[in-house]
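Enquirer: With the input below, show me the fold.
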Amino acid sequence: MDMNWFEDVLVLLEEGNMSRAAARRNITQPAFSRRIRSFEDWLGTEVLARKTNRVELTEALTSNEDEIRALMSRLRELRRKIAYYDPTRTELAIAAQHASVFSTFPDMALRAKTAFPGVRFRLRAGNLSDCVTLFLRGDTSMLLCYEAQNSAPLPFGPDLLRGRWGHDYLIPVIGGVLRYSVRDNRSIPDDTPAIIYPESSYFGEVLRRNARRFGTLEHCRNPVCETAFSSGIREMALKGLGVGWVPFSMVHQELESGELISLVHQFGQEPLDVAIYADRNEEMALSLLKFWAVDV
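Expert: Here you go, the predicted model:
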């Protein structure tokens, strides 16, 4: 088996065309075709339907694209672990929601180092749905995410254990020149600019469901930017671009300094849990979960 064959197949799946796939792999089309044929010989079945004047991908190949990508990811990780093996260190892969990477994980990592000095973390940041996929697929040993307190925990099976690092709040803040109107005790007009979440994002879903002003397009009259990244919303709010909803733990220092002003008294807040998930059968992940969690 040649690992290049899998890379060839993935490029072919992306391009859907032999010529374009060969060009991306920097080889001639005949050479690319021979490599695909070698892959088929190793597999014991054809993955291309070769017809007169055209070649089509079989459903057997296209329907297993996610499995091929997962396999390649695991093989690369295995190769890296073997190549850089260090018996004194343990590496733990964590799928982490973007916001938690900035707001809570640094404190978690510092605390973990006191009890597990040999542990090294590898974060796979993404939106919640992507992180869940990475975790369930086995690409990571743990999942770190936010969960609204009025929502049920993620519906995982009994082999996946949930713990809670702590509480947080999704709060509306305002900064830059816009904050002076708040200091003058004036109410925030409905047409105040806002940095909003896509409704398809997790925080966007929470804010839309509870009709929070300035949170999503449905409840905002003057959106100036839409993004799923809380860290980006924080920076734009600091510059005075608009009202933004962010986790309290991400902005507590700016609230203390006055660079940002909380609008909780006008628009409320969304209570959140910082949740950690681990596989019961992964010893290091389970140990860290029990170390980090205030309840399991």
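Enquirer: So, low pLDDT: which residues of the chain?
Expert: 1, 84-89, 183-186 (pLDDT under 70).
Enquirer: hmm, who's touching whatever helix or strand Ser73 lives in?
Expert: Assigned by DSSP states H and E, Ser73 belongs to helix 65-83. Under the criterion C-beta atoms under 8 Å, 6 or more residues apart in numbering, residues Met3, Phe6, Glu7, Val9, Leu10, Leu13, Glu91, Ala93, Arg137, Gly138, Asp139 lie in contact with helix 65-83. (Each C-beta comes from the backbone N, C-alpha and C, glycine too.)
Enquirer: Tell me how many other residues surround the fourth one.
Expert: It refers to Val9. Taking other C-beta atoms under 10 Å as the criterion, the count of residues near Val9 is 24.
Enquirer: Would you quantify the distance from it to Ala148?
Expert: Going from Val9 to Ala148 by C-beta to C-beta, to the nearest Å gives 40 Å.
Enquirer: Okay, buried residues for the strand or helix carrying Ala275 please.
Expert: Element membership for Ala275, per DSSP H and E: strand 270-279. Across strand 270-279, burial judged by 16 or more other C-beta atoms under 10 Å covers Glu270, Leu272, Asp273, Val274, Ala275, Ile276, Tyr277, Ala278, Asp279.
Enquirer: what about the longest strand in this structure?
Expert: Taking DSSP state E as the criterion, the chain has its longest strand at strand 160-175.
Enquirer: related to what we said a few turns ago, which neighbouring elements make contact with the strand holding Ala275?
Expert: strand 142-148, strand 160-175, helix 283-292 (3 or more C-beta pairs under 8 Å, 6 or more residues apart in numbering; DSSP states H and E).
Enquirer: could you pull out the strands for this protein?
Expert: 48-51, 54-57, 90-97, 119-126, 142-148, 160-175, 194-196, 223-226, 243-247, 260-262, 270-279.
Enquirer: between those, which gets nearest to Thr28?
Expert: Closest of the strands of the chain to Thr28 is strand 54-57, at 15.4 Å (criterion: C-beta to C-beta).
Enquirer: quick one on the thing from earlier: out of the helices and strands packed on strand 270-279, nearest to Val246?
Expert: For Val246, the closest of the helices and strands packed on strand 270-279 is strand 160-175, at 6.2 Å, according to C-beta to C-beta.
Enquirer: and the angle from the closest one to strand 270-279?
Expert: 150 degrees (axes from the mean of the first three to the mean of the last three C-alpha atoms, to 10 degrees).
Enquirer: mind putting the strands of the chain in a markdown table, distance to Ser287 included?
Expert: Listed next are the strands of the chain as a markdown table, based on distance: least, C-beta to C-beta, whole Å:
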| stretch | distance to Ser287 |
| --- | --- |
| strand 48-51 | 47 |
| strand 54-57 | 44 |
| strand 90-97 | 10 |
| strand 119-126 | 9 |
| strand 142-148 | 11 |
| strand 160-175 | 11 |
| strand 194-196 | 39 |
| strand 223-226 | 40 |
| strand 243-247 | 27 |
| strand 260-262 | 37 |
| strand 270-279 | 9 |
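Enquirer: who wins for proximity to Asn17 among those strands?
Expert: So among the strands of the chain, strand 54-57 is nearest, using C-beta to C-beta, at 8.6 Å.
Enquirer: Got the phi and psi for the residue in the chain sticking out farthest from the centre?
Expert: What lies farthest from the middle of the chain is Thr52; by C-alpha atoms, centre = their mean that is 43.8 Å. With angles defined as degrees, to the nearest 10, Thr52 sits at phi -60, psi 120.
Enquirer: In the beta-sheet assignment, what are the partners of the residue sitting nearest the centre point of the chain?
Expert: Residue closest to the mean C-alpha point of the chain, counted by C-alpha atoms, centre = their mean, is Gly126 at 1.4 Å. Listed beta-bridge partners, Gly126: Gln97 (assigned using DSSP bridges).
Enquirer: Give the closest residue to Arg122 in space, chain neighbours not counted.
Expert: Ala93 (4.7 Å; C-beta to C-beta, 6 or more residues apart in numbering).
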